[in-house]
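Asker: Quick check, what structure comes out for this input:
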Amino acid sequence: MSDAERQDPIRRVSYDTTWVVEFDRERRRVESALAPWLAGPVEHVGSTAVPGLAAKPIIDMAVCVAEYENGREAVAALARIGWVHAPEPGDEAGRKWSFCFPDRARRSHHLHVYEIGNPIPVSLIAFRDHLRSSPEDAAEYGRIKTALAAEDDTDRPRYRAGKAPFIRGVLDRLR
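Answerer: Coordinates of the predicted model:
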């Protein structure tokens, strides 16, 4: 799905404690649907996984499967529980699959399925854990994202590019 097809603006809201509950509900459903292929737990990643951090109210989730080709079977398994396959640019080259719930245009949850060994989920978890333990960096990340969304709440590529230097800087410090 292209960014142009998205109907929801880049809207940030105050942290909501129900995000943990919403993640856990879908985590259980996804783990059950993907059980034959899982190579680890379904992780809550992104800003909604950081207590106190304002975020777009979309629960980001990441999981690994043993082999990328198993993702083809995962599409059908996730469709059976209401998840929609929503390919993103670079998914195939990155050996990952992207899904939305309940639909592509107005998602409440976003799931990325990676092949085990892909470094991205490790980075997502490391970044999440760092923000959870560093209120100063979490606050700075929040300020950056709020400013980017205020400048243009429809330009997703610019929003992603604008927060990328901060993310890279944190990950470089963690190495």
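
Asker: Packing partners of the one helix or strand Leu171 maps to?
Answerer: Assessed by DSSP states H and E, Leu171 sits inside helix 156-174. On a contact count with 3 or more C-beta pairs under 8 Å, 6 or more residues apart in numbering; DSSP states H and E, helix 156-174 meets helix 119-133, helix 135-151. Using the backbone N, CA and C atoms, a C-beta is placed for each residue, glycine as well.

Asker: And the contacts of the longest one?
Answerer: Residues from elsewhere that reach helix 135-151, judged by C-beta atoms under 8 Å, 6 or more residues apart in numbering: 10-12, 47, 50, 52-55, 130-132, 158-159, 162-163, 166-167, 170.

Asker: Asp79: how many residues sit nearby?
Answerer: Just to correct that, residue 79 is Ala rather than Asp. 13 (other C-beta atoms under 10 Å).

Asker: ok, what's across the strand from the closest residue to it other than its chain neighbours?
Answerer: Closest residue to Ala79 apart from its sequence neighbours, by C-beta to C-beta, 6 or more residues apart in numbering: His85 at 7.1 Å. Judged by DSSP bridges, the bridge partners of His85 are Phe99.

Asker: Is it possible to mark the buried ones in the contacts of helix 135-151?
Answerer: 10, 12, 47, 50, 53-55, 130-131, 159, 162-163, 166-167, 170 (16 or more other C-beta atoms under 10 Å).

Asker: From these, pick the one nearest Ile120.
Answerer: Nearest to Ile120 among the buried ones among the contacts of helix 135-151, counting by C-beta to C-beta, is Ile167 at 11.5 Å.

Asker: if I read this right, that closest one contacts His130, doesn't it?
Answerer: No: Ile167 lies out of contact with His130 (C-beta atoms under 8 Å); the separation is 10.0 Å.

Asker: So which elements touch the helix or strand hosting Val63?
Answerer: Val63 is part of strand 59-65 when elements are defined by DSSP H and E. With contacts defined as 3+ C-beta pairs under 8 Å, 6+ apart, the packing partners of strand 59-65 are helix 18-34, strand 43-45, strand 109-115, helix 119-133.

Asker: Remind me what the third one packs against, helices and strands.
Answerer: Under the contact criterion of 3+ C-beta pairs under 8 Å, 6+ apart, strand 109-115 touches helix 18-34, strand 59-65, helix 71-79, strand 96-101, helix 119-133.

Asker: Could I get these in JSON lines, plus columns for mean pLDDT?
Answerer: Formatted as JSON lines, the helices and strands packed on strand 109-115 follow (pLDDT from 0 to 100):
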{"stretch": "helix 18-34", "mean pLDDT": "97"}
{"stretch": "strand 59-65", "mean pLDDT": "96"}
{"stretch": "helix 71-79", "mean pLDDT": "88"}
{"stretch": "strand 96-101", "mean pLDDT": "95"}
{"stretch": "helix 119-133", "mean pLDDT": "97"}
